[in-house]
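Engineer: can't give you the sequence, but here's the structure:
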C-alpha cells in the first residue's frame, strides 16, 4: 500500500498556506478555502488530502511496473530534499537546472551524459596530472557544468514514465515537454499557479521547506513499497524455478533405473534362440537390392549412348576402308557416280516433257473458236501472195 496522508501532518507542515491574494490564479478558486487577514489565501486541505492520496497510488502503480519517475524541482529550497529522496528511492532527479529539450531531444542529452563520464575517467588518469594548471582548470569547469545538469540522470537510459514536479510555475518548460510526449505529470500547485496541463493536481504550499520535505518523503516511501513488492515477486519466482528443476532431475533418475531391468528381460528371450532362416534372409536382402540397382542402371544408360557409339564406329570404318582401297576401286566408284546422276536426269526428263505437253493442250482448249477461224484464213492468204510474186518475176 502507498503511504497514507493525514490531515494533522498537512497542517503541521503548513501545507494549507497559499500566496497573497493579489497574486492568485482564478483557476485555483475551487481549491481555496478562504482568506486570512485579507492578504493570504488558505488552501482547502479536505480537497488536498484525497487528491494527494490518489497521486501516491498512481506513483505506486508506475513503480510496481518497474517504471521510472523523474523528480523535478530546481528551486533552492527544494534542491536538497529532491536529491535525498531520489537517492533513497533510486530514481532520477533534476535539482539544479532543467536543460532545454531534455525529454524532446533525449538523444543529445545521452551524448552529453556520455561526455561527462569520459571526463570523469580522464581526470582520474595520469594524462590529466601531466597537463598544465590552466588546462586542468578548464576541464574541471566543463565537468562541473555537466554534472550540475546531468548528474541526477546519469543512470536514466530511457524516457521517464512519470514526472513529479514541485512548483509548477517555476518548472513550466518541463511540463510542456512532458505534455508533448504524453508523459503524466504529478504537480504541487500553489494558489498563484495554473492547474492546466497537469494530470494529478495536488493543491498545496510549494514555498515552505517543511511542506516540501513532507511531499518528497511520502513519494519516496511509496516508491520503496512498490520496489519491495517487485523484489518479493522475483524471489518467489526464483524459488519456484529451483523447486521445479530439482523435481525434474529426481524423476529422470528414477525412470532410468526402472527402465534398465525391463530392457534386459525383454531382450534375453529374443537373443537366446535366434532363427537361422531370419539371419539368412537379412543377409540376402542387401545383395538382392544391389543387383536390382545395377540391372536398372545399365539399360537406362545404353539407349542414350548407343546411337552415338554406332555413328562414331561407322564413320571410323568408312575412313579406314577409303584409305585402304586400291586406285582401281576408287576409279570404279568415281565412274559409277555420274551414271547414277544420268539415270536420275533421264528419269526427270520425261516428266518435264509431259508437263509441257499438258500445258500446250490446256492452252489449246482455252483458245476460242473465233481465233481458230482467223488463223485458218491467214494461212490460206499467205501462199497466194507468194505465188503472185513469183509470176511477176518470171514475166519481167
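Structural biologist: Noted; the coordinates are in hand. These figures come from a predicted structure and were not determined experimentally.
Engineer: low pLDDT regions in the stretch 151-300 of the chain?
Structural biologist: 240-300 (pLDDT under 70).
Engineer: tell me where it has strands.
Structural biologist: Secondary structure of the stretch 151-300 of the chain, counting by DSSP state E, counting those that start in this stretch: strands at 162-166, 185-189, 200-203.
Engineer: for those strands, give me TSV that also has distance to residue 141.
Structural biologist: C-beta: built from backbone N, CA, C; applies to glycine. Listed next are those as TSV, based on distance: least, Cβ to Cβ, whole Å:
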stretch	distance to residue 141
strand 162-166	29
strand 185-189	34
strand 200-203	38
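Engineer: dump those to JSON lines, plus mean neighbour count and distance to residue 13.
Structural biologist: Shown next, in JSON lines, are the strands of the stretch 151-300 of the chain (neighbours: other Cβ atoms under 10 Å; distance: least, Cβ to Cβ, whole Å):
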{"stretch": "strand 162-166", "mean neighbour count": "25", "distance to residue 13": "13"}
{"stretch": "strand 185-189", "mean neighbour count": "25", "distance to residue 13": "12"}
{"stretch": "strand 200-203", "mean neighbour count": "24", "distance to residue 13": "13"}
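Engineer: and the contacts of the helix or strand harbouring residue 109?
Structural biologist: Using DSSP states H and E, residue 109 sits within helix 106-124. Around helix 106-124, the neighbours that count as contacts under Cβ atoms under 8 Å, 6 or more residues apart in numbering are 99, 101-102, 128, 139-140, 142-143, 146-147, 149-151, 153-154, 157-159.
Engineer: hmm, 7 Å instead?
Structural biologist: Helix 106-124 is contacted from outside by 99, 102, 128, 139, 142, 143, 146, 147, 150, 153, 154, 159, using Cβ atoms under 7 Å, 6 or more residues apart in numbering.
Engineer: do stretch 3-12 as well
Structural biologist: Outside stretch 3-12, the residues that reach it (Cβ under 7 Å, 6+ apart) are 16, 45, 48, 49, 52, 53, 56, 214, 218, 221, 222.
Engineer: show me these that map onto helices.
Structural biologist: With helices taken from DSSP state H, the overlap with those comprises 45, 48, 49, 52, 53, 56, 214, 218, 221, 222.
Engineer: the fourth one: how many residues sit nearby?
Structural biologist: Look at residue 52: counted by other Cβ atoms under 10 Å, it has 27 neighbours.
Engineer: ok, the first one next?
Structural biologist: Number of residues near residue 45 (other Cβ under 10 Å) recorded here: 18.
Engineer: next one: the last one
Structural biologist: Applying other Cβ under 10 Å, we find 26 residues neighbouring residue 222.
Engineer: picking that back up, now the element after the helix holding residue 109, going C-ward?
Structural biologist: Following helix 106-124 in sequence, per DSSP H and E, is helix 126-130.
Engineer: and the helix or strand just after that following helix, what does it pack onto?
Structural biologist: Sequence-wise, the next helix or strand downstream of helix 126-130 (DSSP H and E) is helix 133-150. Where contact means 3 or more Cβ pairs under 7 Å, 6 or more residues apart in numbering; DSSP states H and E, helix 133-150 is packed against helix 106-124.
Engineer: ok and the helix it packs on relative to helix 133-150, angle-wise?
Structural biologist: Here helix 106-124 runs at an angle of 140 degrees relative to helix 133-150 (axes from the mean of the first three to the mean of the last three Cα atoms, to 10 degrees).
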